[in-house]
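Undergrad: A structural model of the following input is requested.
(chains A, B, C and D)
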Number of protein chains: 2
Amino acid sequence: MATGRTHRPATRSRGIPEATVARLPLYLRALTGLSERSVPTVSSEELAAAAGVNSAKLRKDFSYLGSYGTRGVGYDVEYLVYQISRELGLTQDWPVVIVGIGNLGAALANYGGFASRGFRVAALIDADPAMAGKPVAGIPVQHSDDLERIISDNGVSIGVIATPAGAAQPVCDRLVAAGVTSILNFAPTVLSVPDGVDVRKVDLSIELQILAFHEQRKAGEESAAAHDGAVPESVGHDVVAHDTDQGPDGDVPAVMPA
Amino acid sequence: MATGRTHRPATRSRGIPEATVARLPLYLRALTGLSERSVPTVSSEELAAAAGVNSAKLRKDFSYLGSYGTRGVGYDVEYLVYQISRELGLTQDWPVVIVGIGNLGAALANYGGFASRGFRVAALIDADPAMAGKPVAGIPVQHSDDLERIISDNGVSIGVIATPAGAAQPVCDRLVAAGVTSILNFAPTVLSVPDGVDVRKVDLSIELQILAFHEQRKAGEESAAAHDGAVPESVGHDVVAHDTDQGPDGDVPAVMPA
DNA sequence: CTGTGTGAAGCGATTCACAGCG
DNA sequence: CGCTGTGAATCGCTTCACACAG
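TA: Numbering: from 1, shown residues only, chains lettered A, B, ... in the order given. Below is the predicted model of the structure:
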């Protein structure tokens, strides 16, 4: 599984760090909120607070996109919304299919955050014949036998897997074979995909386990703190309180040979 | 300023890197699978492949926990499962409450990955009076008026927020005031919490936006380089290509026939 | 004078490569 | 030998601090 990966210098000038890309949606959301309240401009300090990051990081992030701010003033909200949207590729329509319409799949189908950002649920697919035709979130569920046709008819390149763990890899293989090149995986499995296919996963139990780790440590320090006569519950010294970042990462495709 | 930050270097002895902590659940899952198939030992290479990381990283990660392997042989699966579980604090019971029982909340309540890892859904809470008493996943939904009592009666320290965006911060404030010190947030909002409270977030639309960014770039390179006829080895499902890290994840397969 | 944009320093995580245990 | 465990090199992100545009 060596997985040859041709990590290139990234597209010369368009080399935006992965960590920055992961924060752009965050800025975009904060900006959208400001936009709705008709705020014309924001300083890096204000926007950073709204997005939950520090201002130096935000300015550095924006510097990768270009010089969209005005010194001494700040950033034009509308303009920035547009620039970030364009950078993320949200100015175009992304048809998405959701495979596995259980509780989670239904929740995803109903999630409004999709439509509002250039994503369109093109189809819902499930392996259960009894589900076929039944509408979920106003969209009729289709049987997985038609998966390939659905992908190609709709020009889908992004697929969401919300099936049980056992079905994830087979579904993934079919999606990829049918032309999908980006997958968001909710099943608790490590998916194998060919180079050029991007996979991101969302795993609830992992998040909880990470929380448990910190929680356990807090409990430990609590009793250890009592040792050196520290304050009981109050504002003693900061407990764990690590930053809220947590969300970076991502993977880089690596299409085409160098 | 939203959340307080105050990153602490972490105590030297118990200093496990955050990135390592985030991968432990991944190793644990892979090990559990091996354990179920009664595999007695694994090499770092094999386990790394199963977890989707590279072996050097895995060995380094384990080195922070101690020397649990046998040179020339590998790691004892059962022993490692125990050590990692203990390190993550999964050998104890973690009562969890889920607030906001909509589609997503219901999916979470039905998720089996909870119980199997030391997490116990102690209560489901929703603001809709009509939901009160209605059982979801076998657990009766309780009204949010009783939130504080529920938290304290059950000694809950971990809360999951699956409410609409607007309700998230108020719910968060009440959870924290009632004693919750770890929060897993599914609402698309930046939560403000006092120091000492840990927040992790899972945001579906952000994940999709990150995929869209890469997808857009692939499309661009595709026309720049020759399409198809790419790398020879990229046909079948090779391997996990890229670094699968991507930080957090969460999953939630729901119950449903396949 | 204010707040952006950015070189440079600082830091943590990843990767390398190999010593050495079994 | 094979495979773990780990110092050392490296890489990439974050943070600092300040020149300079408006």
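
Undergrad: And the strands in the stretch 101-250 of chain A?
TA: With strands called from DSSP state E, counting those that start in this stretch, the stretch 101-250 of chain A shows them at A:119-126, A:135-136, A:139-143, A:158-161, A:182-185, A:198-201.

Undergrad: ok, residues contacting the third one?
TA: The one in question is strand A:139-143. The contact list for strand A:139-143, computed with C-beta atoms under 8 Å, 6 or more residues apart in numbering or on different chains, reads A:101, A:109, A:121, A:123-127, A:129, A:131-135, A:150. Any C-beta I mention is one placed from the backbone N, CA and C, and that applies to glycine too.

Undergrad: With only the CA atoms kept, save it in PDB.
TA: Provided in PDB are the C-alpha atoms of strand A:139-143 (Å, rounded to 0.1, in the frame of the first residue of the first chain):
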ATOM      1  CA  ILE A 139     -36.900  13.600  -3.300                       C
ATOM      2  CA  PRO A 140     -37.900  10.100  -4.200                       C
ATOM      3  CA  VAL A 141     -35.500   7.400  -3.100                       C
ATOM      4  CA  GLN A 142     -34.100   5.400  -6.000                       C
ATOM      5  CA  HIS A 143     -32.900   1.800  -5.800                       C
END
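
Undergrad: Which positions in the stretch 51-200 of chain A make contact with DNA strand D?
TA: Within reach of DNA strand D by C-beta under 7 Å from any atom of the strand, the stretch 51-200 of chain A has these residues: A:54, A:56-57, A:59-60, A:70-73.

Undergrad: hang on, the earlier thing: list only those of the contacts of strand A:139-143 flagged as buried.
TA: Burial by neighbour count, 16 or more other C-beta atoms under 10 Å in any protein chain shown: within those this picks out A:101, A:109, A:121, A:123-127, A:131-132, A:150.

Undergrad: Give me the helices and strands touching the top helix by length along chain A, please.
TA: The longest helix of chain A (DSSP state H) is helix A:204-227. Applying 3 or more C-beta pairs under 8 Å, 6 or more residues apart in numbering or on different chains; DSSP states H and E, we find helix A:204-227 packed against helix B:18-36, helix B:77-88, strand B:94-99, strand B:119-126, strand B:158-161, strand B:182-185, strand B:198-201.

Undergrad: List the buried residues in it.
TA: Buried residues in helix A:204-227, counted by 16+ other C-beta under 10 Å: A:204-218, A:221.

Undergrad: quick one on the thing from earlier: so can I have CSV of the buried ones among the contacts of strand A:139-143 showing pLDDT and distance to B:L34?
TA: CSV is the format used below for these (pLDDT from 0 to 100; distance: C-beta to C-beta, whole Å):
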residue, pLDDT, distance to B:L34
A:I101, 97, 31
A:A109, 96, 35
A:V121, 97, 37
A:A123, 98, 36
A:L124, 98, 34
A:I125, 98, 31
A:D126, 98, 31
A:A127, 98, 27
A:M131, 97, 34
A:A132, 97, 37
A:I150, 98, 36
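
Undergrad: re earlier: between the helices and strands packed on helix A:204-227, which gets nearest to B:D145?
TA: Among the helices and strands packed on helix A:204-227, strand B:119-126 comes nearest to B:D145, with 9.5 Å by C-beta to C-beta.

Undergrad: Strand partners (parallel or antiparallel) of the closest one?
TA: Next to strand B:119-126 in the sheet, as set by DSSP bridges, lie strand B:94-99 (parallel), strand B:139-143 (parallel).

Undergrad: what comes into contact with the longest one?
TA: Spelled out, that is strand B:94-99. A:208, A:212, A:215, B:105, B:108-109, B:114, B:118-126, B:144, B:147, B:150-151, B:154-163, B:171, B:175, B:180.

Undergrad: Distance check, A:V81 against A:I158.
TA: Computed as C-beta to C-beta, to the nearest Å, the A:V81 to A:I158 distance reads 22 Å.

Undergrad: So those two - more neighbours on which side?
TA: Using other C-beta atoms under 10 Å in any protein chain shown as the criterion, A:V81 and A:I158 rank with A:I158 on top: 21 against 18.

Undergrad: for that one, what are its contacts?
TA: So A:I158 contacts A:94-97, A:119, A:180-184, B:208, B:211-212, B:215 (C-beta under 8 Å, 6+ apart).

Undergrad: quick one: which of those residues is nearest DNA strand D?
TA: B:L211 (16.7 Å; C-beta to the nearest atom of the strand).

Undergrad: And the pLDDT for the closest one?
TA: Here the pLDDT value assigned to B:L211 is 98.

Undergrad: Okay, it and B:G102: tell me how far apart.
TA: Distance of B:L211 to B:G102, given as C-beta to C-beta: 24 Å.

Undergrad: same thing with A:L65?
TA: From A:L65 across to B:G102, the span is 35 Å (C-beta to C-beta).

Undergrad: next one: A:T181
TA: When distance is defined by C-beta to C-beta, A:T181 is 31 Å away from B:G102.

Undergrad: For the two, indicate the residue with more neighbours.
TA: A count of neighbours by other C-beta under 10 Å puts A:T181 above the other of A:T181 and B:G102, at 23 against 16.

Undergrad: so what's the more buried one up against?
TA: Taking C-beta under 8 Å, 6+ apart, we find A:T181 in contact with A:157-158, A:196-198, A:253, B:215, B:218.
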